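> Give me a 3D structure for the following:
(one chain, ligands or ions: 2)
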Amino acid sequence: MLNSSAPSPETVWDRCLRVIRENISALTYKTWFEPIKPIQLEDDQLTIQVPSQFFYEWLEEHYYALIQRSLENVIGPKAKLVYRAIAEDESGRKLQQQVIDVSLPDTEPVPIPAPPSARPTPVIDRSPARGAWKAPNYSVLNPRYTFETFVKGEESNAFACAASVAVANNPGKTTFNPLVIYGGVGLGKTHLIQAVGNYILAHDPTKRVLYTSSDQFTIEFVESIQNDKVREFTNFYRSVDVLMVDDIQFFSGKEKTQDNFFHTFNALQQLGKQIILTCDRSPKELKGVDDRLVSRFQCGLTTDVQPPDYETRIAILQMKSAEDGIELPSDVIEYLARNITSNIRELEGCYISLLAHCSLEGKEFSVELSREVLHNVASIKKSQITIQDIQKVVAGHYKITEDLMFAKTRKQEIAFARQVAMFLCKELTGNSLKTIGMHFGGRDHSTVIHACKTIEEMVAKDAHSLSDIESIRRQLNFMSQ
Ligand code: ADP
Ligand code: MG
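Numbering: from 1, shown residues only. Ligands and ions are numbered 1, 2, ... in the order given. Just a heads-up that it's a prediction; the model follows:
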């Protein structure tokens, strides 16, 4: 029975989507997750509606682990999922019909063995909405991210890949500690470090392997402070055998979190535990991160990943299509590889979008259709304004440096620019208040609400401020065209 204080299916699904969104590209999200409608929540069972049977099959085949993980995060270990697909009759009319009733099994598909000491509570709580800090689960990795599914390029990632294999074979025992992999988005950093984790676990399932992101670490740290659990938090992070922290650039400006991480880092290193980090730039170029932490980051091996060359892009498309059991014509592979050069996530996203078009609309793979898909992708990509874009443009507009967006200072003109940026982030990006606050030096969501209110009131009263904000909006729109 649903009691009156139970959350709605929309709220629960929305929380699941937050976890899902962090793990896939914007295009994949748009293609496969935006069309889903949550329709019912009863006890631990969530029913979602998908556009077709094919859609359901694709989700189950490709995103099963991710969906399951997110549901368990939000609903708990007994989470169940029921799909309802929309079927079509012969005349093409859409009929709503419950065709599938497949629940996620009660037990996890891959049992996670208990490490030697007492395990923390098995419920993963990575949902920022819940608030209270609970130890995250070990060994929550994407099973698709392995060395077997990672294509090694001649130049682009060969060294990073070799270093990762060395670490996977001897965690904590090589001089590559920490191993830091840096480079632009979608170049395989997360895949590579999770491959290390999957490899270590496959060879020794008792190892406590923890994958997290600097954002997640920060959220948990803040929650642990709020709940008076800093000691438990700290002890937990010091108890792992392998600690992987993705995207450490987001530690920037978060001094207290950095301090806690610094001590955890040292403790783990002294115990001979392996640390693996990724960053969007070389640690040397990190701004807003304490020098002593940066120098720690550099005391192992730092290596980069570069955009893949043409041959690697071809190999990646061949591998992905073989994995999916799909025969992509070589002219289509060549077309995609020639036209998508910047990163692998985008290459993969276009390939998936092409599959979706062919399957949903019953079209053949062709260069013509690929061209259409690429065109769509270009427009989706351009309409995505990020928090960083806004910080940059607002800082430029008010002639302050970007660092001040997440600095502690309360100087009036800086605080004002920061409020304008927060307001625009809420208006123009899909990020939660919590995420926005975090990107402004770890401020909490009430600060963001306050900023939005202040600016809203100000523009309602004052024509000069309104035109100021309009001009920033125009600049941002211009960037995104
Ligand atoms: P990053 O963390 O650098 O932003 P990801 O590791 O998330 O990038 O990679 C983006 C996508 O591209 C993932 O789906 C990943 O599996 C795929 N990918 C990246 N590099 C490779 C590679 N060398 N071989 C196969 N797939 C790759
Ligand atoms: Mg990544």
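> neighbouring contacts of the strand or helix carrying residue 47?
If you go by DSSP states H and E, residue 47 is part of strand 45-50. The contact list for strand 45-50 (C-beta atoms under 8 Å, 6 or more residues apart in numbering) reads 9, 12-13, 16, 35-41, 56, 59, 71, 75, 79-86, 96, 103. The C-beta positions use only the backbone N, C-alpha and C, and glycine is treated the same way.
> And for residue 311, nearest residue in space, chain neighbours not counted?
residue 154 (7.2 Å; C-beta to C-beta, 6 or more residues apart in numbering).
> Give the full set of residues in contact with the one you found.
Residues near residue 154 by C-beta under 8 Å, 6+ apart: 309, 311-312.
> what about it, helix or strand, and which?
Using DSSP H and E, residue 154 falls outside every helix and strand.
> Quick check, pLDDT for it.
For residue 154, the pLDDT comes out at 87.
> Likewise for residue 260?
For residue 260, pLDDT reads 96.
> cool, residue 103 as well?
42.
> again with residue 5
66.
> Kindly report the same for residue 456.
Model confidence at residue 456 (pLDDT) stands at 88.
> Please tell me how far it sits from ligand 2.
The gap separating residue 456 from ligand 2 is 34 Å, by C-beta to the ion, to the nearest Å.
> cool, and residue 422?
Taken as C-beta to the ion, the span from residue 422 to ligand 2 is 25 Å.
> Put the alpha carbons of the helix or strand containing that residue into PDB.
If you go by DSSP H and E, residue 422 is part of helix 412-428. C-alpha atoms of helix 412-428 as PDB (Å, rounded to 0.1, in the frame of the first residue of the first chain):
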ATOM      1  CA  GLN A 412      30.100  43.100  -2.700                       C
ATOM      2  CA  GLU A 413      30.800  43.300  -6.400                       C
ATOM      3  CA  ILE A 414      32.100  39.800  -6.400                       C
ATOM      4  CA  ALA A 415      29.200  38.400  -4.400                       C
ATOM      5  CA  PHE A 416      26.900  40.100  -6.900                       C
ATOM      6  CA  ALA A 417      28.600  38.600 -10.000                       C
ATOM      7  CA  ARG A 418      28.400  35.200  -8.300                       C
ATOM      8  CA  GLN A 419      24.700  35.700  -7.600                       C
ATOM      9  CA  VAL A 420      24.000  36.600 -11.200                       C
ATOM     10  CA  ALA A 421      25.900  33.500 -12.400                       C
ATOM     11  CA  MET A 422      24.000  31.300 -10.000                       C
ATOM     12  CA  PHE A 423      20.700  32.700 -11.200                       C
ATOM     13  CA  LEU A 424      21.700  32.100 -14.900                       C
ATOM     14  CA  CYS A 425      22.800  28.600 -14.000                       C
ATOM     15  CA  LYS A 426      19.400  27.800 -12.600                       C
ATOM     16  CA  GLU A 427      17.700  29.400 -15.600                       C
ATOM     17  CA  LEU A 428      19.800  28.000 -18.400                       C
END
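> so what's the residue of the stretch 301-450 of the chain found nearest ligand 2 up against?
Nearest residue of the stretch 301-450 of the chain to ligand 2: residue 345, at 8.6 Å (C-beta to the ion). Residue 345 is in contact with 25, 185-186, counting by C-beta under 8 Å, 6+ apart.
> I'd like to check what contacts the helix or strand harbouring residue 243. Which residues are they?
Using DSSP H and E, residue 243 maps to strand 242-246. Residues outside strand 242-246 that contact it (C-beta under 8 Å, 6+ apart): 171-172, 189-190, 193-194, 196-197, 200, 207-214, 217, 237, 261, 264, 268, 273-278.
> switch to 6 Å and redo it
171, 190, 193, 200, 209-214, 268, 274-278 (C-beta atoms under 6 Å, 6 or more residues apart in numbering).
> And the helix or strand just after that strand, what does it pack against?
Where DSSP H and E defines the elements, the next helix or strand beyond strand 242-246 is helix 255-270. If contacts are counted by 3 or more C-beta pairs under 6 Å, 6 or more residues apart in numbering; DSSP states H and E, helix 255-270 sits against helix 214-226, helix 230-238, helix 291-297.
> For the stretch 301-450 of the chain, give me the ranges with low pLDDT.
378-383 (pLDDT under 70).
> All the strands of it, residue numbers only.
All strands of the stretch 301-450 of the chain, identified by DSSP state E, counting those that start in this stretch, fall at 301-304.
> So which residues on it come close to ligand 1?
Neighbours of ligand 1 within the stretch 301-450 of the chain, by C-beta under 6 Å from any ligand atom: 316, 344-345, 348.
> tell me the two of these that are most distant?
Using C-beta to C-beta, those reach their maximum pairwise distance at 316 and 345, which is 10.8 Å.
> Please list the residues of this protein that sit near ligand 2.
Selection of the chain residues close to ligand 2 by C-beta under 5 Å from the ion yields 189-190.
> Can you find the residue of the chain that comes nearest to ligand 2?
residue 190 (3.3 Å).
> Over to that residue: give its phi and psi.
Per-residue torsions, residue 190: phi -60, psi -40 (degrees, to the nearest 10).
> residues touching it, list them.
The contact partners of residue 190, by C-beta under 6 Å, 6+ apart, come to residue 246.
> hang on, the earlier thing: make TSV from the contacts of residue 154 and add neighbour count to it.
Shown next, in TSV, are the contacts of residue 154 (neighbours: other C-beta atoms under 10 Å):
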residue	neighbour count
309	15
311	12
312	22
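> Where helices are concerned, which of the residues you listed count?
Within these, residues falling in helices by DSSP state H are 311-312.
> rewinding a little: would you single out the least confident of the helices and strands packed on helix 255-270?
helix 214-226 (a mean of 90).
> List the buried residues of it.
Within helix 214-226, the residues scored as buried using 16 or more other C-beta atoms under 10 Å are 214-224.
> That helix vs helix 230-238, what angle?
With axes from the mean of the first three to the mean of the last three C-alpha atoms, to 10 degrees defining the directions, helix 214-226 sits at 150 degrees from helix 230-238.
> ok now the strand holding residue 47, how far from the chain's centre?
Computed by C-alpha atoms, centre = their mean, to the nearest Å, the separation of strand 45-50 from the middle of its chain amounts to 23 Å.
> One more: stretch 53-60?
Here the centre of stretch 53-60 is set off from its chain's centre by 22 Å, with C-alpha atoms, centre = their mean.
> tell me which residues in it are buried?
53, 55-56, 58-59.
> average pLDDT across it?
Mean predicted lDDT for stretch 53-60 stands at 78.
> Stretch 78-97 now?
The pLDDT scores in stretch 78-97 average 64.
> and if you look at stretch 470-481?
Stretch 470-481 comes out with an average pLDDT of 73.
> Ok, stretch 195-203 next?
On average, stretch 195-203 scores 96.
> does ligand 1 sit close to that stretch?
No. On the criterion C-beta under 6 Å from any ligand atom, stretch 195-203 is out of touch with ligand 1, staying 9.2 Å away.
> Figure out how far stretch 46-56 is from the centre of its chain.
On C-alpha atoms, centre = their mean, the centre of stretch 46-56 falls 23 Å from that of its chain.
> Also stretch 415-425?
Taking mean C-alpha positions (C-alpha atoms, centre = their mean), stretch 415-425 and its chain are 24 Å apart.
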